[in-house]
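# This is a predicted model, with the sequence first.
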Amino acid sequence: MGFTGLYNNLPDIERTWASIGLSNGYAGVGGAVNAYTASDQPMSDVSDSLIYIKGSHTLTVGANYRHWLSNRELADNFLGNYSFAGYFTNPNPKLTPTNDNVIADMLLGYFSGASNFQPAASSSTVPGNPHSYIFNYFAPYVQDDWKVNSRLTLNLGLRWDYRSIPYASNNKMFWLDESNPKGGLCFADKALLTNGVAGDQSYYRYCGSNHPGNASLTPFAPRIGIAYRPFGGDKTVIRTGYGIFYDSTESREIDDSGDNYPYISRTNITQSVGTTPLLTTNQLFPPLTTPGPAVPADNTFIAVIIAEHVRNPYVQQWNFSVQHALTPFTKLEAYYLGTRGTHLLQRRNIAQALAPSDPNNPGTVLSRRPYPNFGTYINSDWSGYSSYNSFNAKIEHNFKGLTLTTTYTFSKSLDDKSSIAALGNSTAGWQGFLNNHNTRLDYGLSDFDVPHRLVTSFVYNLPFGRGQKFAGNVSRAADAAIGGWQFNGIMTLQKGFPYSIYAADKNGLLDNFFNRANIVGTAFPSSLTQNINHWFNTAAFAQPQAGVYGAIGRNVYTGPGLSNFNLSLFKNVNFTERAKLQLRLESFNTFNHAQWSTPNFDLTNPGAFGTISGVQVPGRIAQVGVKLLF
């Protein structure tokens, strides 16, 4: 392949090797994509509160102040990461590349993707780029617990959740320059104005601050709780509440804000059919030793950088419950819980190419990118949203040695992304969304959504032996054999997790890792004999045309559920009032029931598509243990 001209003058070369990824099922070789990283977060935390009680009121006033540093030194694979897909030696671009094409592309150096992360001219150490981000938090609060009367109690509180905008102690910080239609970066370090790195400020611009924007002065978080006993006594209790809970900007989602030229050079190059000129792996990443004017080629991969509009993500939560004692030994509770997340932190590639207006004449990916100066720009923004609603019922029974608890949950969780960096079931990787310019296409069931879940657990002390209902007067020797037995169990029944049907981004025209499929038939026809070799009708799905987003939504299908039983038998032998020996026979998945995992949903893998090859819970496991309790 001729990996010449790479940056390879490293003192710790033993942990930095080129990483090579191959498609069509080949295993990757070489070093890890991300090598060693280090962080240190010293924090000062001061809290105090004052409680004043007068009559039916208990007033609490307090505050919490936190100051912390996020000292980070990021390192990556300085020798580069390369991927080969077989597009360029494939004689017919309309056909999926074969294994031979993949190997041929690799041998000729025709990469589909190449990236690296190397120290640049102003890096203080080689390797690495240490920097320190400063965070401040101040939250005064007041709460009044008011016992209105013997039946009604109110909890009324208000918190001011102020978080400053983080900044870098050495001013190594960049963020999006919205005034630049071609794509540019604001920088905090004024030295870039005098050392020539900023150039004519057509790409880098000093925006007059050491961080973007100003912190919100209105992060008020009210808390309201009500407890009411409508009939007096403790037999029936009604509770309800509402609160707003703020989150913050975490360092991992902004720490690459200082990892740009001239401190670090992150380069990411992608190629697809039609790219001209076609590059090879030879001499991609020469060493950077002399600072010069920043140009887009210095920052082709900009990742997890602080957003230009910093917001405080928050969750609203509300609940209503009724608890009633059916008998002195049995308690029933029914409750509703709802939440809504707003301005949630997430990653979004704002430089993803726009979809072709005419798929038959798509043009190049580069010509359709909204910011010509950016190759990849993973913005840490606050555009996420979510909702969760659930009804829950719980019954508890405790009588004559039996403790029984049964809980049922009926719920629905929706979001546009179920984690900051990725999408769980999806193959989106760091890109995150199908279309980063229209995140509504990804609003659907959360990756962890389970609509129905029933859990029953019990602990039963068998009524045999001294002091018990049966054989209560036996000798101590006989009691050692028949007394002290305990039978336990947990039963879990639940629906499966959601999944989508994924297809390829054909010819890379959508500038993404993946696409979703089109539906051309019935996924679960009445004639389908469902089994692990054929979980759904694979003929119901089709690969979309190159440059066209698939029509299937995110997480529209549900995988196999769970039906699991864990049982155990304990024998307790009392030595003294404070010491006993416990013999344990425990079994997991006691009835050895198959608990299938989510089926393969990747249309591009025809051999496995629609089949199930894994389980959520392994087969029966039994274990014997001895525990001394004292």
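Looks like it came in fine. Numbers count the residues shown, from 1 in each chain.

# Give me the sheet partners of the lengthiest strand in the chain and which way each runs.
If you go by DSSP state E, the chain has its longest strand at strand 376-399. Next to strand 376-399 in the sheet, as set by DSSP bridges, lie strand 301-306 (parallel), strand 330-349 (antiparallel), strand 402-415 (antiparallel).

# now it, how far from the centre of its chain.
13 Å (Cα atoms, centre = their mean, to the nearest Å).

# Can I get it in CSV, CA atoms only?
Only the C-alpha atoms of strand 376-399 are listed here, as CSV (Å, rounded to 0.1, in the frame of the first residue of the first chain):
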residue,chain,number,x,y,z
THR,A,376,-17.2,16.6,9.0
TYR,A,377,-18.4,18.8,11.8
ILE,A,378,-19.9,16.9,14.8
ASN,A,379,-21.6,19.7,16.8
SER,A,380,-22.5,19.2,20.4
ASP,A,381,-25.8,21.0,20.3
TRP,A,382,-28.9,21.1,22.5
SER,A,383,-31.6,20.2,20.0
GLY,A,384,-32.7,16.8,21.5
TYR,A,385,-36.1,16.1,23.0
SER,A,386,-37.8,13.1,24.5
SER,A,387,-41.0,12.1,26.3
TYR,A,388,-42.0,9.2,28.6
ASN,A,389,-45.4,8.2,30.0
SER,A,390,-46.1,5.2,32.1
PHE,A,391,-48.9,3.6,34.2
ASN,A,392,-47.7,1.4,37.0
ALA,A,393,-49.5,-0.9,39.4
LYS,A,394,-47.8,-2.6,42.4
ILE,A,395,-49.2,-4.9,45.0
GLU,A,396,-47.3,-6.0,48.1
HIS,A,397,-48.2,-8.7,50.5
ASN,A,398,-46.4,-9.7,53.7
PHE,A,399,-48.0,-12.3,55.9
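
# For that strand, give the mean pLDDT please.
Mean pLDDT, computed over strand 376-399, is 93.

# in it, what counts as buried?
376-388, 390, 392, 394-397 (16 or more other Cβ atoms under 10 Å). Quick note: C-beta positions are derived from backbone N, CA and C, even for glycine.

# Output the strands paired with strand 376-399 in JSON lines; the columns should cover distance to Gly292.
Shown next, in JSON lines, are those (distance: least, Cβ to Cβ, whole Å):
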{"stretch": "strand 301-306", "distance to Gly292": "19"}
{"stretch": "strand 330-349", "distance to Gly292": "27"}
{"stretch": "strand 402-415", "distance to Gly292": "44"}
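
# Could you tell me which ranges of the protein sit under the pLDDT cut-off?
Low-confidence segments of the chain (pLDDT under 70): 1-17, 30-39, 73-79, 93, 123-128, 283, 286-289, 420-431.

# tell me, what residue is most central in it?
Ser419 (2.5 Å; Cα atoms, centre = their mean).

# Now for the closest residue to that one other than its chain neighbours, how many residues are close by?
For Ser419, ignoring the flanking residues on the chain, the nearest one in space by Cβ to Cβ, 6 or more residues apart in numbering is Asp447 at 7.8 Å. Residues contacting Asp447 under the criterion other Cβ atoms under 10 Å number 21.

# can you tell me the helix or strand for Asp447?
Following DSSP states H and E, there is no helix or strand that holds Asp447.

# Kindly provide the distance from it to Ser500.
10 Å (Cβ to Cβ, to the nearest Å).

# End to end on stretch 464-472, go ahead and measure it.
With Cα to Cα, to the nearest Å as the measure, stretch 464-472 spans 7 Å from end to end.

# same check, this time on stretch 52-61
Note: stretch 52-61 ends 8 Å apart using Cα to Cα.

# gap between it and the chain center?
41 Å.

# what's next to that stretch, contact-wise?
Residues outside stretch 52-61 that contact it (Cβ atoms under 8 Å, 6 or more residues apart in numbering): 49-51, 140-148.

# tell me the contacts of the residue lying closest to Phe399 once chain neighbours are set aside?
Nearest residue to Phe399, sequence neighbours excluded (Cβ to Cβ, 6+ apart): Phe329, at 3.9 Å. Counting by Cβ under 8 Å, 6+ apart, Phe329 makes contact with 397-399.

# Please repeat the previous calculation with a cut-off of 10 Å.
For Phe329, the contacting residues are 396-400, 402, 404, by Cβ atoms under 10 Å, 6 or more residues apart in numbering.

# ok, which pair from these is furthest apart?
Glu396 and Lys400 (14.7 Å; Cβ to Cβ).

# returning to what we had before: I'd like the distance between the residue nearest to the centre of the chain and Thr276.
37 Å.

# again, but for Ser132
43 Å.

# what does Lys400 give?
For Lys400 relative to Thr276 (Cβ to Cβ), the value is 82 Å.

# Name whatever forms a beta bridge with Ala114.
Bridge pairing for Ala114 - DSSP bridges - gives Tyr82, Ile269.

# ok, how many other residues are close to it?
Quick note: Ala114 (other Cβ under 10 Å) scores 22 neighbours.

# and it, how far is that from Phe84?
In terms of Cβ to Cβ, Ala114 sits 10 Å off from Phe84.

# can you list residues touching both of those two?
With Cβ under 10 Å, 6+ apart as the test, Ala114 and Phe84 both reach Thr281.

# Tell me where the stretch 1-150 of the chain has helices.
For the stretch 1-150 of the chain, applying DSSP state H, counting those that start in this stretch gives helices covering 99-108.

# My error: substitute the stretch 451-600 of the chain in the last question.
Under DSSP H, counting those that start in this stretch, the stretch 451-600 of the chain gives helices at 476-482.

# picking that back up, hmm, Thr558 and the residue nearest to Ser419 touching each other?
No - contact between Asp447 and Thr558 fails when scored by Cβ atoms under 10 Å: they sit 11.8 Å apart.

# Need the overlap of contacts for the two.
In contact with both Asp447 and Thr558: 497-499, using Cβ under 10 Å, 6+ apart.

# if we can go back for a sec, quick one, phi/psi of the residue nearest to Ser419?
Dihedral pair for Asp447: phi -60, psi -30, per degrees, to the nearest 10.
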